[in-house]
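Visitor: After the sequence you'll find the predicted model.
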Amino acid sequence: MEFDTKLVQLGQEPTPGTGDVVPPIHLASTFEQRAQDDLRYFYGRGENPTREGLERCLASLEDAAHALAFSSGQAAGATALSLLRPGDVLVSSDDVYGGTFALFSTLERYGITVEYHDLSDPDVVRSAVREGVGLVWIETPTNPLLKVTDIAAVSRLARPLGIPVLVDNTFASPALQQPLALGADISLYSTTKFISGHSDVIGGALVYQRDDFHQAFFSYRTAAGNVPGAFDCFLLHRGLKTLSLRVERQNANTARIVELLQASPRVGRVHYPGLSDHPQHEVAKAQMSGFGSIVTFEYLGEVPDLLKKVERFAVAVSLGSVRSLIECPALMTHRPIPAETRLALGITDNMVRLAIGIEDPRDLLADLEQAL
């Protein structure tokens, strides 16, 4: 079954007895247990048919054995971190989402050391991936600088050492990048973003092959209770069906936006993996089927003034939606990161991040042009 067919059909089989082409939403919190010899569902914190339909579809998109859905991307990340033990080192991309940085900041109290490295640099990777590391956390493309890490190269170094490699694939989505096929062990998603695509549900997911990971993650999720509700899973699965269509339109719109930004005298450096002068352009071209719909640029003016002038762009955090969004990372998504750390990474106060939607590109271009 091809990718786009999986999006529409996997986990959405017609219901036996009624033939519903959209399966009913299972809202039950508990399940009848009289037939103890044939007990499939026990309690909604552990098992739910609507959630399982979504998970089957998500797993199929990367030809994976397993997927688990969570109440948020942060909940998925916290569950993945449960693989670590006191004394372990977590090696992470240095340019990560502010919420990820905040999550990692809690690990020190458990005896886990976090090291931030520029994993887009092959020389840095060779020294960072070593004995004693418990997990490598790659964000690619990164948020908000859109640096790209060679997933296959990192995985080749980590595998002989028995180090799991996790890729936060939120920015690319499975439509543009397949981390497991490139050698990674775990794909992480904030399903709030491209998977949902409509800014109306919060969720997360882990996708992976290993049975031991599945046992550990499922047990942790059941104990912690960080599960999504059935209606959230229904919304995520409904949004997932149009993933390829949305991503195709978003990428096309973004290419035109990038051209406008490059030509504007009010714009400095433009960060986008699709540009030939992007430092990791060739890596992105090799491991992604498209360059995505997130673009970051330096505004040569006062960012708050720019944010007040836009009309078609919503000034809001998040990304991957049908609606185009604009934000200032230093003021919004990356506020949890200390200012000196942001500046050292190159996240300046005049940096602006766009998340392009599916609107008519003429309206988006006109809005940006007048605002700039």
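Guide: Right, received. Where do you want to start?
Visitor: Could you use CA atoms for every contact and neighbour count after this?
Guide: Fine.
Visitor: Verify the assumption that Ala69 is located in a strand.
Guide: Yes - applying DSSP: H, G, I helix; E, B strand; the rest coil, one finds Ala69 inside a strand.
Visitor: What's the mean pLDDT across stretch 243-255?
Guide: Average pLDDT, stretch 243-255: 98.
Visitor: now what about that stretch, what contacts it?
Guide: For stretch 243-255, the surrounding residues in contact (Cα atoms under 8 Å, 6 or more residues apart in numbering) are 4, 7, 175, 194-195, 197, 290-295, 322, 356-358, 361.
Visitor: Stretch 77-92: end-to-end distance?
Guide: Stretch 77-92 has an end-to-end distance of 13 Å (Cα to Cα, to the nearest Å).
Visitor: Let me see the ranges of the strands in the stretch 251-372 of the chain.
Guide: 267-271, 294-299, 314-315, 325-327, 351-355 (DSSP state E, counting those that start in this stretch).
Visitor: now the helices for the stretch 201-350 of the chain?
Guide: For the stretch 201-350 of the chain, the helices defined by DSSP state H, counting those that start in this stretch occupy 211-224, 230-240, 243-263, 281-287, 303-309, 339-345.
Visitor: could those be laid out in JSON lines, adding distance to Val125?
Guide: Formatted as JSON lines, those follow (distance: least, Cα to Cα, whole Å):
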{"stretch": "helix 211-224", "distance to Val125": "24"}
{"stretch": "helix 230-240", "distance to Val125": "34"}
{"stretch": "helix 243-263", "distance to Val125": "29"}
{"stretch": "helix 281-287", "distance to Val125": "15"}
{"stretch": "helix 303-309", "distance to Val125": "34"}
{"stretch": "helix 339-345", "distance to Val125": "17"}
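Visitor: for these, which one sits closest to Gly204?
Guide: Across the helices of the stretch 201-350 of the chain, the minimum distance to Gly204, taken as Cα to Cα, is reached by helix 230-240, at 9.8 Å.
Visitor: what's the angle between that closest one and helix 243-263?
Guide: 70 degrees (axes from the mean of the first three to the mean of the last three Cα atoms, to 10 degrees).
Visitor: now for helix 230-240, which elements pack on it?
Guide: Contact analysis of helix 230-240 by 3 or more Cα pairs under 8 Å, 6 or more residues apart in numbering; DSSP states H and E lists helix 49-61 as its packing neighbours.
Visitor: Would you mind writing the CA trace of the helix it packs on as CSV?
Guide: Taking Å, rounded to 0.1, in the frame of the first residue of the first chain, the C-alpha atoms of helix 49-61 are listed here in CSV:
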residue,chain,number,x,y,z
PRO,A,49,-9.9,1.4,19.9
THR,A,50,-10.0,4.9,18.4
ARG,A,51,-6.4,5.6,19.6
GLU,A,52,-5.2,2.3,18.2
GLY,A,53,-6.6,3.1,14.8
LEU,A,54,-4.6,6.3,14.8
GLU,A,55,-1.5,4.5,16.0
ARG,A,56,-1.8,1.8,13.3
CYS,A,57,-1.9,4.5,10.6
LEU,A,58,1.1,6.4,12.1
ALA,A,59,3.2,3.3,12.3
SER,A,60,2.4,2.3,8.7
LEU,A,61,3.7,5.7,7.4
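Visitor: That's all I had, so thanks and see you.
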